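K.L.:
from the sequence below, what's the structure:
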Amino acid sequence: MSTTDTLTIAAIGDLHVTEAATRPYSDLFKEMSDQADVIVLAGDLTNFGKTKEAEILAEDIRCATKPVIGVLGNHDHECGQPETVAHILHQAGMTILDEQAVELEGVGFAGVKGFLGGFGRGELAPFGEGPLKAIVEEANNEARKLENGLRSLRTERSVAVLHYSPIPQTLEGEPIEIFPWLGSARLADAIDRFDHVKLVVHGHAHHGAYEGRTMRGTPVYNVAQFVVRPKFDRPYALFTV
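P.N.:
Take a look at the predicted model:
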């Protein structure tokens, strides 16, 4: 594939695999492999970040015949062992972005889980109590990792993969009171520093809206399966980059 050819992406977030599940997504990974050149997972891959949940998902990932790329979500951190979850999924063939960016057939992929923090006048500032400053520092760290990953890419077309949202528009439908817990404008600030980012996907907001744009106009899509399924009658979205 030359750099002028397009790449088709199947993106889905919020799989929430449980310990009781039996091959919950094996058929879906086969279907997405038939429909796309790469499969992107936008976090909350497990329900509680348990080893057994990751092992169940890993077996389904092995059914994919196309590359699988993605990030972890907040649910994948619940048991305090995200490194174990990432290792199990990596062993099944999934590329976990976070500290690395990758290129596939002329298209770059960089991503992080992201973090909370809010938007506009509601954005948290590093002022006051230490725990609040720690929250803001974590949001800044995730944005810095995303920026570093995007900067490392030398492709003309890139995709940013997140779990938390970088914009408020794709959160519409959720209670406005929880918007600061669902994403951070700092992620959008990192994205908007680069001309080569052509697409952003995220999950996390189960009741949010499907589409929005950053201040600079980069398209952002909420690919949480609970948002995508009513729109397309399937749990994943397809994009051409």
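K.L.:
when you work out contacts or count neighbours from here on, use the C-alpha atoms and nothing else.
P.N.:
Fine.
K.L.:
for this protein, which segments count as helices?
P.N.:
26-35, 51-61, 82-91, 130-152, 179-182, 185-191, 225-232 (DSSP state H).
K.L.:
could I get the ones you listed as JSON lines with distance to Leu104, mean neighbour count and mean pLDDT?
P.N.:
JSON lines is the format used below for these (distance: least, Cα to Cα, whole Å; neighbours: other Cα atoms under 10 Å; pLDDT from 0 to 100):
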{"stretch": "helix 26-35", "distance to Leu104": "15", "mean neighbour count": "17", "mean pLDDT": "98"}
{"stretch": "helix 51-61", "distance to Leu104": "18", "mean neighbour count": "22", "mean pLDDT": "98"}
{"stretch": "helix 82-91", "distance to Leu104": "17", "mean neighbour count": "18", "mean pLDDT": "98"}
{"stretch": "helix 130-152", "distance to Leu104": "14", "mean neighbour count": "18", "mean pLDDT": "96"}
{"stretch": "helix 179-182", "distance to Leu104": "29", "mean neighbour count": "20", "mean pLDDT": "96"}
{"stretch": "helix 185-191", "distance to Leu104": "19", "mean neighbour count": "24", "mean pLDDT": "97"}
{"stretch": "helix 225-232", "distance to Leu104": "24", "mean neighbour count": "18", "mean pLDDT": "97"}
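K.L.:
export these as a markdown table, with columns for distance to Tyr164.
P.N.:
As requested, these are exported to a markdown table (distance: least, Cα to Cα, whole Å):
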| stretch | distance to Tyr164 |
| --- | --- |
| helix 26-35 | 23 |
| helix 51-61 | 20 |
| helix 82-91 | 16 |
| helix 130-152 | 10 |
| helix 179-182 | 6 |
| helix 185-191 | 9 |
| helix 225-232 | 14 |
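K.L.:
among those, which is nearest Glu103?
P.N.:
helix 130-152 (10.4 Å; Cα to Cα).
K.L.:
what is the closest one packed up against?
P.N.:
Judged by 3 or more Cα pairs under 8 Å, 6 or more residues apart in numbering; DSSP states H and E, helix 130-152 is in contact with strand 107-111, helix 185-191.
K.L.:
among these, which comes closest to Val159?
P.N.:
strand 107-111 (4.9 Å).
K.L.:
so in that sheet, which strands flank that closest one, and in what orientation?
P.N.:
strand 102-104 (antiparallel), strand 157-161 (parallel) (DSSP bridges).
K.L.:
buried residues in it?
P.N.:
107-111 (16 or more other Cα atoms under 10 Å).
K.L.:
mind saving the C-alpha coords of it as PDB?
P.N.:
Extracted C-alpha coordinates of strand 107-111, given in PDB (Å, rounded to 0.1, in the frame of the first residue of the first chain):
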ATOM      1  CA  VAL A 107      -1.000   5.800   8.600                       C
ATOM      2  CA  GLY A 108       0.300   6.600  12.100                       C
ATOM      3  CA  PHE A 109      -1.400   5.700  15.300                       C
ATOM      4  CA  ALA A 110      -0.700   7.300  18.700                       C
ATOM      5  CA  GLY A 111      -2.900   7.000  21.800                       C
END
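K.L.:
use 49 as the first number from now on
P.N.:
Sure thing, new numbering starts at 49, so read that last one as strand 155-159.
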